[in-house]
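# Build the 3D model from these lines:
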Amino acid sequence: MRIINTVVSVFWSLIAGVCYATTLISEGFSSSTPNMAAGVHYRAFTTTMREAMCESGDLATSLKVVPEAIILQKGDLWHPQSLVIRAYNKNGDYIPSVPVTISVDETEAIKVNVSENWIQAISAGSSSLVVGPACKNRSQVKLKTIVPIIVK
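Below is the predicted model:
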């Protein structure tokens, strides 16, 4: 029940406009098979590479992220490479290896190490992980999935 209350609290914080600094911590590709971890790390794309890959490929219309919530204990380190990110097109078909970015809202509950690409749980509280498209020029700007981060 406590987890549900925390998730609801994160949701209402987002709705109410309580915003923290959002930091890009990873970029890369969604899962290449439906149950494989995403291939993400810090600074995966160069500008030229991003432009080329965003010109081709199937257009994703939804992203599903597993796990749906990240539960941490104080002191835990978490890395986005543990995420499974599934992309789907408008027909609901799975699309492998879609370019994505992962950002996190920096709050008092977590510490972000951008260059080493991890989050550390500092104190009880919550934050949000935002998984979205790397190709913003292809009508995917609104394609984002928010994953609550809960620190116990």
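# Could you state which residue of this structure sits nearest its centroid?
Val131 (2.9 Å; Cα atoms, centre = their mean).
# Enumerate every residue touching that residue.
Val131 is in contact with 63, 65, 83, 85, 100-102, 144-147, counting by Cβ atoms under 8 Å, 6 or more residues apart in numbering. No exception for glycine: its C-beta is placed from N, CA and C like everyone else's.
# how about a cut-off of 7 Å?
63, 65, 85, 100, 102, 144-145, 147 (Cβ atoms under 7 Å, 6 or more residues apart in numbering).
# any idea which of these has the most stuff around it?
Val100 (31 neighbours; other Cβ atoms under 10 Å).
# Distance of it relative to Val130?
Using Cβ to Cβ, to the nearest Å, one gets 10 Å for the distance from Val100 to Val130.
# Now do stretch 120-132, average pLDDT.
Average pLDDT, stretch 120-132: 95.
# Okay, and the beta partners of the residue nearest to the centre of the chain?
Val131 has these beta-bridge partners by DSSP bridges: Ile102, Thr145.
# ditto for Ile71
Beta-bridge partners, per DSSP bridges, of Ile71: Ile150.
# Quick check, it in contact with Val151.
No - at 8.3 Å, Ile71 does not count as touching Val151 under the criterion of Cβ atoms under 7 Å.
# higher neighbour count, those two?
Val151 (25 against 15).
# Could I get the contacting residues of that one?
Taking Cβ under 7 Å, 6+ apart, one finds 72, 74, 109-110, 121, 123-126 in contact with Val151.
# correct me, but Gln73 touches Ala121?
Yes - if you go by Cβ under 7 Å, Gln73 and Ala121 touch, sitting 6.3 Å apart.
# follow-up on the earlier one: closest one of the contacts of Val131 to Ser32?
Distances from Ser32 to the contacts of Val131, taken as Cβ to Cβ, are shortest for Ile85 (10.3 Å).
# That closest one should be in a strand, yeah?
Yes - counting by DSSP: H, G, I helix; E, B strand; the rest coil, Ile85 is located in a strand.
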